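In: Just the structure for this:
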Amino acid sequence: KKLEEAYIDYADVFISVTGSDETNIIGCTLAKEHGCKTIARIKSEDYINEPMSLNLTHLGIDIAISPELISAIRIARILSMPTLYEMESFGGGRIRVLETVVKEDSFVAGKSIKRSHLPAGTNVVAIYRNDDIIIPFGKDVFLPNDRVALIIGDLRVIPDLQDIFGPLDKFAPERD
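Out: Next comes the predicted model:
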């Protein structure tokens with residue numbers, strides 16, 4: 001019922017990133033019944049033991065992502081590159097997950113997500129702060145040294161993201 005109230009029948013992609021693996025799995029299972037592509041945040045190694053998995057389709061999950069495992073594997077590289085770069089490309093390149101580090105002089109430093117003037121079609125899906133992962137809401141504030149995971153649907157927003165987060169020193173080539 002809640003998914004229908006959220007217009008699930010009009011959605012192409014359903015992303016479930018609650019703090020509960022079981023809620024994310026059930027949400028994706030229900031969304032799959034409505035014809036959506038599904039992405040779930042899964043943290044328990046009972047379900048996933050790799051950073052990204054395509055092996056949970058039997059549960060209605062097209063792509064399962066473990067931010068904790070991604071962080072563990074990429075933390076050294078990410079912290080050494082305070083730039084925006086492409087992590088993954090989904091949906092034939094139509095959806096991209098990007099990550100950046102908020103610098104002290106970034107436009108967004110000290111601002112809430114809703115006051116950060118992110119380009120249309122840009123969604124903040126996670127903020128990595130110290131050892132914590134924050135599933136963000138509009139009121140959450142970007143702090144210097146936060147790592148921020150973003151989903152974009154159009155590469156043309158990259159210049160706007162450069163203005164907001166800082167220059168792009170490195171940007172990984174498209175990987176489809």
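In: Find the centremost residue of the chain, please.
Out: The centroid of the chain falls nearest to residue 125 when counting by CA atoms, centre = their mean (3.8 Å).
In: right, and it touches residue 151 too?
Out: Yes - using CB atoms under 8 Å, residue 125 is in contact with residue 151, at 5.5 Å. From N, CA and C alone the C-beta is placed, and that goes for glycine too.
In: joint contacts of these two?
Out: Taking CB atoms under 8 Å, 6 or more residues apart in numbering as the contact rule, residue 125 and residue 151 both touch 15, 97.
In: helix/strand/coil for residue 38?
Out: What DSSP: H, G, I helix; E, B strand; the rest coil gives for residue 38 is strand.
In: so what's it closest to, chain neighbours aside?
Out: Counting by CB to CB, 6 or more residues apart in numbering, the nearest residue to residue 38 once its immediate chain neighbours are dropped is residue 28, at 4.0 Å.
In: need the contact list for the residue nearest to the centre of the chain.
Out: Taking CB under 8 Å, 6+ apart, we find residue 125 in contact with 15, 17, 97, 135, 136, 149, 150, 151.
In: picking up where we left off before, which residues touch the residue nearest to residue 38?
Out: Going by CB under 8 Å, 6+ apart, residue 28 touches 14, 16, 38, 39, 40, 59, 60, 61, 62.
In: What is the least confident helix or strand in this protein?
Out: Of all helical and strand segments in the chain, the minimum by mean pLDDT, DSSP states H and E falls on strand 85-90, at a mean of 53.
In: how much space is there between residue 123 and residue 153?
Out: Distance of residue 123 to residue 153, given as CB to CB, to the nearest Å: 9 Å.
In: again with residue 107
Out: Where residue 153 is concerned, residue 107 sits at a distance of 21 Å (CB to CB).
In: Can you list which of the contacts of residue 125 are found in helices?
Out: In helices, defined here by DSSP state H, there are no members of these.
In: How about residue 137: what's its closest non-neighbour residue?
Out: Of all residues not flanking residue 137 in the chain, residue 113 sits nearest, at 7.3 Å (CB to CB, 6+ apart).
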